[in-house]
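Chemist: Quick one, fold the following:
(chains A and B)
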Amino acid sequence: MDIAVLVKEVPDLEARVQVVQDGGALDVENKRVLNFFDEIAVAAALQLKEAGGGGRVYAVGAGSGLEAVRRAIAMGADAGFLVDDPAVDGADPLTVARALAAVVRAEGFDLVLAGRQATDDEAGLVGPMVAELLGVPCVVGVTAAEPADGGLVVGREVDGASERLSVPVPAVLTAEKGWVEPRVPQVMGLMKAMKAEIGRRTLADLGVEPVPPLAAAGYHGPRSRPAVRMVEGEPAEAAGELVRILRDEARVL
Amino acid sequence: MAIWVICEEHGDGLRRTTQELAAQARRVAEDGEPVVALAVGACVGRAGWLDGRVHRVVKVAGGGLVPFSADPWVAAVAAVLAEAEPRLVLWGEGTRAREVMPRVAARLGWPAVANALALEAADGGARVLRPVLGGKAYQWVSLGGAPALVAFRPNSFDPEVAADLDTRVEERSAEPCEDRVRVLERTAGDGGRVPLTEAQVVVAGGRGLKDAANLALLEDLADALGGAVGVSRAVVDAGWADHAIQVGKSGKTVSPALYVVAGVSGAVHHTMGMDTAKVVVAINTDPNAPIFKYADYGVVGDALQVLPALAAAVRALGT
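Modeler: Okay, here's the model as predicted:
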């Protein structure tokens, strides 16, 4: 089974972020990692490749995602591709999806995996968009998958219910926490990743015309809460006072 | 032009988020611009709340739409919207929006924004607010006059709106659509409780609860408040609770009116899942715990004592 994994590089959650230029831009510390959920997708792809009796696992990234692609190779992916085009950074998700879909279509696939969402924008748009562009079904938030009767049996949790689904291949699945615990790459993997030839494609190579992105109209930092008001006293006393405040002052009870 | 709202059902009626979106659409609509609700599948028979509150309800029934399944929903929604050319299409965040909205966007070639928190009228269109970098910053995005799809987190808007319109109802049937994904098995969900992401009150706990059995204290306070229970990543990693109720980066994002959090230190992993809660109450034994920076009210104390005391105080209020 040939499996494409869509990977995105995101700022580390601990990276320092500042709103600058009077809300006109963001200054983000340059600490970048492979998106948490994409890491799960890579590990799941490797597991499925084994269960399905071989094939190829390749990672596809876009824009400033070179290290994410290398990380996927270090984890065990066989190859990596990058949509290397200045028009991709800050592009509309649909442009990114069209570019990734074009790479996947050209390379061939039985399955496409992606993370449920990226930890930076938490949007989860690109994976299902790629499914639609490839004309294949899509299941989001997957926590289990195994080959069965030429397709897959897929498990997931939805709004407190568990589902088992029969999914034909090719398909797109997005990975949720709990599917596979990603392994930390070994030294051998890191060496391989460093030397790996990454297949680079421009939007023109792929025949993708960028769609104009929506206009950014300013940034602001997280809502600053007033300093916390401590409620003193023994548990029963503090609880009583807190409930009074929540009812009479905060008006949430 | 018009603003469309994609409906979702809950129980015998509509999801609260659908009501919020319809109400906000009325507030930001331009003079004379209609608000249209699209009720697909199971929503068809549950759309009573919309009567008087939107200008038009388009009901789409047909095979494969009940219970929800992505392929037929994508086909049905895209077919209606393609004809309608709306200015804005509003969705409530959740599994359904996650499965359907991006595919409709790709099919129609329209831009989409997920996980939005605010919608305002602006010069020449509208603007929406969305988190970037895991909620360390927020970005306003301008939507021009061209159609755009936007999904909003639950509890982003007030659902109150006057039922003062003469609502027109249109009934349509969907073209038959092959459903490529087949359900083999589906267990019943947690029917009684409000879903975590929609709850007006969330009671969350972390490792400070010391033992899996003490999660019952969260349940008890959540019951007293009519809310839902959440937990930190550490609790899930320790095997005390299911990932489905985890709040934070690798779990759910919640925006309740009241978030009570006990025994959680306040790592960014957790706070990015709850920082848009309106009122936050933190309980922790350590007065210097970072969680107090994200809280409006704090109690320094042992969660095992403060949680039951709070539940008792809340119940005393009700009697």
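
Chemist: Which stretches in chain B count as helices?
Modeler: Using DSSP state H, the helices assigned to chain B run over residues B:16-28, B:70-84, B:95-108, B:215-225, B:233-237, B:268-271, B:303-318.

Chemist: Which residues does stretch B:288-296 contact?
Modeler: Residues external to stretch B:288-296 that are found in contact with it (C-beta atoms under 8 Å, 6 or more residues apart in numbering or on different chains): A:225-226, A:228-230, A:250, B:261, B:264-267, B:270-271, B:274-275, B:279-282, B:284, B:298. Just so you know, the C-beta spots here come from the backbone N, C-alpha and C atoms, and that holds for glycine as well.

Chemist: Now the buried members of those residues.
Modeler: Buried members of the contacts of stretch B:288-296, counted by 16 or more other C-beta atoms under 10 Å in any protein chain shown: A:228, A:250, B:261, B:264-267, B:270-271, B:274-275, B:279-282, B:284, B:298.

Chemist: and the end-to-end length of stretch B:103-114?
Modeler: Between the opening and closing residues of stretch B:103-114 there is a gap of 13 Å (C-alpha to C-alpha, to the nearest Å).

Chemist: ditto for stretch B:84-92
Modeler: End-to-end distance of stretch B:84-92 (C-alpha to C-alpha): 20 Å.

Chemist: next one: stretch B:55-70
Modeler: For stretch B:55-70, the first and last residues are 27 Å from each other (C-alpha to C-alpha).

Chemist: gap between that stretch and the chain center?
Modeler: Centroid separation between stretch B:55-70 and its chain, computed with C-alpha atoms, centre = their mean, to the nearest Å, is 20 Å.

Chemist: And the average pLDDT for it is what?
Modeler: pLDDT averaged over stretch B:55-70 equals 94, rounded to a whole number.

Chemist: What of stretch B:27-47?
Modeler: According to the model, stretch B:27-47 has a mean pLDDT of 96.

Chemist: For it, list every residue counted as buried.
Modeler: For stretch B:27-47, burial by neighbour count (16+ other C-beta under 10 Å) applies to B:28-29, B:33-44, B:46-47.

Chemist: Repeat that for stretch B:150-169.
Modeler: Of the residues in stretch B:150-169, those buried under the neighbour-count criterion (16+ other C-beta under 10 Å) are B:150, B:151, B:152, B:153, B:154, B:155, B:156, B:157, B:159, B:161, B:165, B:167.

Chemist: for stretch B:198-213, same thing?
Modeler: B:198, B:199, B:200, B:201, B:202, B:203, B:204, B:205, B:206, B:207, B:208, B:209.

Chemist: Next step: these restricted to strands.
Modeler: With strands taken from DSSP state E, the overlap with the buried residues of stretch B:198-213 comprises B:201, B:202, B:203, B:204, B:205.

Chemist: If the second one is in a bridge, with which residues?
Modeler: The bridge-partner assignment for residue B:202, based on DSSP bridges, gives residue B:228, residue B:259.

Chemist: does it really touch residue B:225, like I thought?
Modeler: No - under the criterion of C-beta atoms under 8 Å, residue B:202 is not in contact with residue B:225, lying 9.1 Å apart.

Chemist: Need the residues touching each of those two.
Modeler: With contacts taken as C-beta under 8 Å, 6+ apart, the residues that reach both residue B:202 and residue B:225 are B:258, B:260.

Chemist: For residue A:120, which non-adjacent residue is closest in space?
Modeler: Once its chain neighbours are removed from consideration, residue A:120 has its nearest residue in residue A:10; the separation is 4.3 Å (C-beta to C-beta, 6 or more residues apart in numbering or on different chains).

Chemist: In contact with that neighbour, which residues?
Modeler: If you count contacts by C-beta under 8 Å, 6+ apart, residue A:10 has them with A:32, A:33, A:34, A:35, A:118, A:119, A:120.

Chemist: ok, now how distant is it from residue A:31?
Modeler: 10 Å (C-beta to C-beta, to the nearest Å).
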